[in-house]
Each structure stands twice: as structure tokens, then as C-alpha cells.
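give the three-dimensional model of this entry:
(2 chains)
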Amino acid sequence: MQNLRVRFAPSPTGALHIGGVRTALYNYLLAKKMGGTFILRIEDTDQARYVPGAEDYIIEALRWFGIMPEEGPGIGGDYGPYRQSERKSMYGKYAQQLLDAGRAYYAFDSAEELQAQRSAFEARKEVFKYDNNTRSSMNNSLTLSADEVKSRIERGDDYTVRLKIPKDETLRINDLVRGEVNFQSNELDDKIILKSDGMPTYHLANIVDDHYMKISHVIRGEEWLPSTAHHVYLYRFLEWEDTMPEFAHLPLILKPTGKGKLGKRDGNKFGIPVFPLSWKGETEEDSFTGFREFGFDPKAVLNFLAFLGWNPGTEQEVFTLDELIKAFSVEKIGKSGARFDFDKAKWFNQQYIIASSNEDLAEVVRPLVKEKGYEVSDEFLVAFCGLMKERVNFYTDFVETGYYFFEPIREYDAKMVRKKWKTEKRPVFETMREDLLNLDDYSGLAVETCIKSFMEKHELGFGAVLPILRLGVSGTMKGPSVFDMMSLLGKEEVNARLAKAYDAFDGAQAT
RNA sequence: GCUCUGUUCGUAUAACGGUUAGUACGCCUGACUUUCUAUCAGGAAAUAGGGGUUCGAUUCCCCUACAGAGUACCA
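Here you go, the predicted structure:
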């Protein structure tokens, strides 16, 4: 085989969906594994659906994941331009070639006429298809005289170019994921390949570009499987069939619950991200929180995505990108739709956080801390990450569930306070506070020793003392080791918190 | 409707035609622990249904059911 070249070819119609990211990932993995080239091509042939910023979003997302293409718009490469709108002049030529070869024809039917046909068929409970059956009754260069066609074109009438699908043929397609897939040509419609605005449709542009960009493998979503037959015909009629790429159609990603494939709105509906990065659309419904902003690590998301429709056949689940590249193979891609399981995504993220060093975590958490307006030393932050990393799922949890490391306690767990605090015991706890204040060494171990001797002196058990300390210092029963927490907060801070807490506890007890 | 694709615990999936049908997430129980986690040890939980082929089908074939996708001058 010659050089392996794959492309990710999204349409800039909005934020890049997580399913698109998975497609990009699989393309990337295959390219890297085989020493091939990963290419980004922007399919912007539909001006009406073009959304400004979408292209930047796509590139930013790929960069965040660390799966950057080697060729693409703004990146360079020998097969550019990489935006279809900039390749417009190429496509007309091939439409003409197809026309000349009798493999395509002009169609003059207006949108209204087509609509009328559809309605008429619908009334008979049939579905209109522009195909070898119906094209003889439509206005096209097959039914009109040559002169008529010529004059219509010269007159400037709108026309499209349609692919003339042959009659009575069986088309056999080999798909790397699904094996042999057969199509009857009579079931295929005469797809428009050149629109009346002169732009090609996806089908033509895709084939021409893949050919010129020397794409060897087309890895894309299953929604393209039905139109692959048209694509094969295009290759055949353009006489490029001998260099036609291999096809691999990926299973769909399904909604977390219920029916259907994962959609844009599912994110807001289930309160989970379905886009890599946050996106601000025109409206509330068109705005989404991304995995990044949700507090995910890009490596964890990639790992999760890799397993949505693929598995290595071993029992290993946590993979670095390099390991994924080594393990990846098209043969291991699954056939059936994979449901998006947020719990699993969460678990992957947690695995990555736990495996990260405290220093690396601090690096990621620092901007979040700054954003909240907190000012802390690097040393503090690193220690803080060490204390918290085993009890968070997302990066955002650090500053949210661990907020009390940076600002005063917002609220005490009232139920626990009522259960554990006795106002009569306050004098005893005041002596504990003093004992703590007299400590010179405020390491976790020293604090622990101090508390233990305090308990011994007053014949108190862990259950009577530790909850009070924990509540006083963090307000909640959830969190890291009390002693370590106190050590990190420091003597003065702990003392102040305890004094304040005792008052609050008394208040809570009184009500 | 038609075409294409698919169907193993709730979810993701593993299993040369021969296994007590494995693993992970989630769930339940226990251990550890001052709490929450994490960790460890257990547990419940699946081959859609029906026909074949075969000594033997999760695995191969057919039918049914269900699900998904496509059926645009969108990609």
C-alpha cells in the first residue's frame, strides 16, 4: 500500500459534536499507527449553513485534545487549499466531465416542481425519488431536446447536475467495519452533484477532494453508509476506481437514555457536556458547556471516546494517547451503536486525576483558583491538590467542593452539628483550641498527636472529637484527613475557624 | 413506505463453532477509615424470539421482532 492518508472533514455549521471528535480521533489513531498523514478538510459548500467561528472551534478543539492534523487550513500541506469553498473551480470541471461522458445530466426542475412531485406521490402514499424511473418525466437534458437544453442554459435558467445512476446493477461495497454491503442501483436516486449556485454537493466535492488529496481510507460515521453507493459510482465514472479509498463506517453514538443518536440538545437536557468546548450560540438552547469547562481532562475524554465503538480486545481500559495508537486497529471497531455513558466518562476522568502528580494538578487548577479570585502560594496549591485528588471527579470540583481551603466556610452541616455538638462541652473544646494554639510544629502528625493526647486527657473518643474538628474547619463531613487539612490551613487560621465555629454551633444548638 | 445497518448483564464490551459466557462502569454487601473518597474482598445482573446447518451454536444461514441511519439544490 502507498502512504496512508486519512482526513477529518467536518462541516463548519456549529460547534463540533463529540461524535465528530471520535471520528477525528479514529482517523488520527490510524494515521499515527500506520505512519500516515492526518488531514483536516473543511466542507463548507453550503453557504447557507455556514457559521462563523465554527472552523476556529474545530481547530481549537483538536488542539485541546492534542490530535492536530498535519495538513489543513491554517496549517499548510501540499494538497491545499483545504477549504472546499476555496476549491470551487475544481468541481465544475468534473461535473462537466461526467456530463460529457453521459454519466450525469442537467436538471431544470425548480424547487416548486420537485415539491409538487413529492406531494403528488405522498398523496398516493408513495415517496418520490428522482431516479431512473422518474427522470423520464422530469425536465432535464434527458427529456428535453438538445436545442432546448442549450437555450435554457444560455438564457441563464437555473439548473443542477444530477448523477445518472445505471439501471439494474448490484453494487458491492467492501466496508472495513461491516464487510460486504450490497446495493441495488434501482433503489438509488439520481443525486444532485452540482447545485444551481454552482457549488458542488457533498458527494461530488468529497470524491474530488479525496482523490486529489490522495486519501487512502475514509473513516466516517454510519450515517454515510447509504450514500457510499453514490460515491462509488462517482469514483467509477470519473475513472478513479483503482485508487478509490477504503471505507470504514463507524457506529453511531446514542443518547444516554431513550432512543436515537446523541444530539446537540441532549447536553442541556441531561446536564452533561456533549461538546468538547463551550459554545455560545445565538440563543440559550444553542449554547453549550464543553467537556473542558465541565472540568474534564482532554486525555480522559479521548480515552472514553476511544472506547465508544472500539476496544483493544484486552482488559486494559486506561490508555495514554500513545498506547491507544499502538493498540488501535480498524478490525476492532464495533458495528452496533454505542450509548453515551456519562458515568463511565466520569470514571475515566477520575482515573486520570488520581494518576496525576500533585504538581501537574496544581498547574491545571491554578487558573480555576485565580478565576475565583483566590490568592494562594504554589506550595499551598500543590499540597491542596494532593489532599483533594482522590475525592474529585472533575477539575472544577477542586475549587467547588474544596472551596473552604480558600475562603471562609459558607455553611455548616446543620444536621451533624446538632448531632455532635453539646453546648455544655464547649469549655472542653476551648481547651483543645488552646492546646492547638500552643503547638510549635503544626505538621499533620503533630496536630494528630496533640489531638490524641487531648482526647486521652478528657477521656473522649474519636467520634466525639473528630467530627467537631472537621465541621469547625471545613463545615462539612466530606473531605480529606482532618489533621492534614488543619496543617495546610495553618495554626492561626484553624484557631480563628474554631472560635467562629463554636459560636455558630452554639447558635445552631439553641434553635 | 422503501433502502441500508445493527441486536451478549442497566451501560460499554470479551469469548479459533466446544468456557462455570469473562472484564469494566453503575448498583448491593463487607473490610479499611474520625468523614467523604480511594483501595481491597464478595454479590446480583446478559447471548431478543423462532427455525435451520452441526456431534456441538453467543459465534454460520433464514425468518420475525425491535432499534438506528438514510431517503434535501445539508453535510
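
only C-alpha atoms for contact and neighbour calcs from this point on.
Fine.

for residue A:210, what are its contacts?
residue A:245 (C-alpha atoms under 8 Å, 6 or more residues apart in numbering).

quick one: secondary structure of it?
helix (DSSP: H, G, I helix; E, B strand; the rest coil).

how near is it to residue A:60?
With the distance defined as C-alpha to C-alpha, to the nearest Å, residue A:210 ends up 24 Å from residue A:60.

can you check residue A:35 too?
For residue A:35, the distance to residue A:60 - C-alpha to C-alpha - is 24 Å.

more neighbours: which of those two?
Ranked by neighbour count (other C-alpha atoms under 10 Å), residue A:35 and residue A:60 place residue A:60 first, with 15 against 12.

what comes up buried for the one helix or strand the more buried one maps to?
Per DSSP states H and E, residue A:60 falls inside helix A:54-65. Using 16 or more other C-alpha atoms under 10 Å as the test for burial, helix A:54-65 gives A:54-55, A:57-59, A:61-62, A:64-65.

same question, stretch A:141-158
Buried residues in stretch A:141-158 (16+ other C-alpha under 10 Å): A:141-142, A:144, A:149, A:158.

next, the distance between the ends of that stretch.
13 Å.

and chain A, what are its domain boundaries?
Here the domain parsing of chain A from automatic domain parsing is A:5-82+A:252-345, A:85-206, A:356-405, A:414-510.

indicate which one of the ones you listed is closest to residue A:223.
Among the domains of chain A, domain A:5-82+A:252-345 comes nearest to residue A:223, with 7.9 Å by C-alpha to C-alpha.

and the closest one, average pLDDT?
Throughout domain A:5-82+A:252-345, pLDDT has a mean value of 93.

what's the answer for stretch A:398-411, then?
In the prediction, stretch A:398-411 has an average pLDDT of 96.

which residues of the stretch 101-250 of chain A fall in helices?
Counting by DSSP state H, counting those that start in this stretch, the stretch 101-250 of chain A has helices at residues A:111-123, A:146-155, A:202-212, A:228-237.

near RNA strand B at all, stretch A:214-234?
Yes - against RNA strand B, stretch A:214-234 shows contacts by C-alpha under 7 Å from any atom of the strand at A:222-227.

pull out the buried residues from the residues you listed.
A:222, A:225.

with residue A:204 as the reference, measure out to the residue in the stretch 101-250 of chain A that RNA strand B sits nearest to.
The nearest approach of the stretch 101-250 of chain A to RNA strand B comes at residue A:223, 3.1 Å away (C-alpha to the nearest atom of the strand). Using C-alpha to C-alpha, residue A:223 is found at 17 Å from residue A:204.

what about the helices in the stretch 251-400 of chain A?
A:264-270, A:291-294, A:298-306, A:321-327, A:342-355, A:358-371, A:378-388, A:395-401.

what packs against the shortest one?
For helix A:291-294, the helices and strands in contact under the criterion 3 or more C-alpha pairs under 8 Å, 6 or more residues apart in numbering; DSSP states H and E are helix A:298-306.

the helix it packs on: how far from the chain's middle?
Averaging C-alpha positions (C-alpha atoms, centre = their mean, to the nearest Å) puts helix A:298-306 9 Å from its chain's average.

is RNA strand B contacted by it?
No - for helix A:298-306, no contact with RNA strand B is found by C-alpha under 7 Å from any atom of the strand; the gap never falls below 8.4 Å.

now stretch A:430-450
No - contact of stretch A:430-450 with RNA strand B (C-alpha under 7 Å from any atom of the strand) is absent, the minimum separation being 8.2 Å.

now that stretch: how far from the chain's centre is it?
49 Å.

tell me which parts of the stretch 51-200 of chain A are close to RNA strand B?
So far as C-alpha under 7 Å from any atom of the strand goes, the stretch 51-200 of chain A lies against RNA strand B at A:108-111, A:114, A:126-129, A:158-160, A:178, A:180-184, A:187, A:192, A:195-197, A:200.

are any of those buried, and which?
A:108, A:128-129, A:158-160, A:178, A:183, A:192, A:195-196, A:200.

of all the residues you listed, which two lie farthest apart?
Most distant of these, by C-alpha to C-alpha, are A:158 and A:178, 40.0 Å apart.

so which residues make contact with the longest helix along chain A?
Longest helix in chain A, counting residues (DSSP state H): helix A:491-510. Residues outside helix A:491-510 that contact it (C-alpha under 8 Å, 6+ apart): A:414, A:417-418, A:421-423, A:426, A:433, A:436-437, A:442, A:469, A:471-473, A:486.

which members of those residues are classed as buried?
A:414, A:417, A:421, A:423, A:433, A:436, A:442, A:469, A:471-473, A:486.

which of those residues fall within strands?
Among the buried ones among the contacts of helix A:491-510, DSSP state E puts none in strands.

just the residues you listed: which are in helices?
Using DSSP H, the buried ones among the contacts of helix A:491-510 in helices are A:414, A:417, A:433, A:436, A:469, A:471-473, A:486.

dump stretch A:479-497 to PDB, restricted to CA.
Once non-C-alpha atoms are left out, stretch A:479-497 reads as follows in PDB (Å, rounded to 0.1, in the frame of the first residue of the first chain):
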ATOM      1  CA  GLY A 479     -13.200  15.800  52.900                       C
ATOM      2  CA  PRO A 480      -9.600  14.900  53.400                       C
ATOM      3  CA  SER A 481      -7.800  13.900  56.600                       C
ATOM      4  CA  VAL A 482      -8.700  16.500  59.300                       C
ATOM      5  CA  PHE A 483      -5.100  16.600  60.500                       C
ATOM      6  CA  ASP A 484      -3.700  17.200  57.100                       C
ATOM      7  CA  MET A 485      -6.300  19.700  56.400                       C
ATOM      8  CA  MET A 486      -5.500  21.600  59.600                       C
ATOM      9  CA  SER A 487      -1.900  21.500  58.900                       C
ATOM     10  CA  LEU A 488      -2.300  23.000  55.500                       C
ATOM     11  CA  LEU A 489      -4.700  25.700  56.700                       C
ATOM     12  CA  GLY A 490      -2.200  26.700  59.400                       C
ATOM     13  CA  LYS A 491      -2.400  27.400  63.100                       C
ATOM     14  CA  GLU A 492      -3.800  30.900  63.000                       C
ATOM     15  CA  GLU A 493      -6.500  30.000  60.500                       C
ATOM     16  CA  VAL A 494      -7.600  26.900  62.300                       C
ATOM     17  CA  ASN A 495      -7.800  28.800  65.600                       C
ATOM     18  CA  ALA A 496      -9.900  31.500  64.100                       C
ATOM     19  CA  ARG A 497     -12.100  29.000  62.400                       C
END
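
do that stretch and RNA strand B meet at all?
Yes - against RNA strand B, stretch A:479-497 shows contacts by C-alpha under 7 Å from any atom of the strand at A:479-483.

now, the most widely separated pair of these?
Between any two of those (C-alpha to C-alpha), the greatest distance is 11.2 Å, for A:479 and A:483.

have a look at those two and say which one is more surrounded.
Between residue A:479 and residue A:483, counted using other C-alpha under 10 Å, residue A:483 has the larger neighbour count: 21 against 17.

next, the angle from the host helix or strand of that one to helix A:378-388.
Assigned by DSSP H and E, residue A:483 falls within helix A:482-489. With axes from the mean of the first three to the mean of the last three C-alpha atoms, to 10 degrees as the basis, helix A:482-489 and helix A:378-388 are set at 160 degrees to each other.

and residue A:109, what does it touch?
Taking C-alpha under 8 Å, 6+ apart as the test, what residue A:109 contacts is A:138-140, A:159.

alright, I will stop here.
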